[in-house]
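[1] this one's sequence-less:
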């Protein structure tokens, strides 16, 4: 299975677990295992080191020690839809982790912005100067 940026996810890296969903639903929720838990072994994924480190940073600290991602989906009434929901969560995580942040290059303020800043400071200074006691001649 392939994801964006040629990220391969082998089947042995995935572990699907199913359980009963919580919430309303009566007899249906009591007899059907629709909630899905997807566990992904980060070290089994075919991704480069930088992406793996960014992915690990997205995972809660308690899962960083075991180097696993645990995704839960139970919002839908059917197991199949919850599987798709968990799969989409994994897709979002891998997409986020595969994107590198752009380096911000510092720029100098423009001449116009310097002028506006100075005028604003002068206006503010004039207002503060008028707050004092009036000078009586």
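    Received the coordinates, thanks. Quick caveat: nothing in here was measured; it's all calculated off a predicted structure.

[2] in the sheet, who's paired with residue 70?
    Assessed by DSSP bridges, residue 70 has beta-bridge partners residue 39.

[3] with residue 17 instead?
    Residues in beta-bridge contact with residue 17 (DSSP bridges): residue 37.

[4] mean pLDDT per helix and strand in this structure: which one sits at the bottom?
    Counting by mean pLDDT, DSSP states H and E, the weakest-scoring helix or strand in the chain turns out to be strand 2-3, with a mean of 58.

[5] list phi and psi for residue 15.
    Note on residue 15: backbone dihedrals following degrees, to the nearest 10 are phi -130, psi 120.

[6] check what pLDDT it gets.
    Predicted confidence (pLDDT) for residue 15: 84.

[7] give me the neighbour count for the nearest residue to it once chain neighbours are set aside.
    Nearest non-adjacent residue to residue 15, counting by Cβ to Cβ, 6 or more residues apart in numbering: residue 39, 4.2 Å away. Every residue, glycine included, has its C-beta placed from N, CA and C. Other residues lying near residue 39 total 15 when counted by other Cβ atoms under 10 Å.
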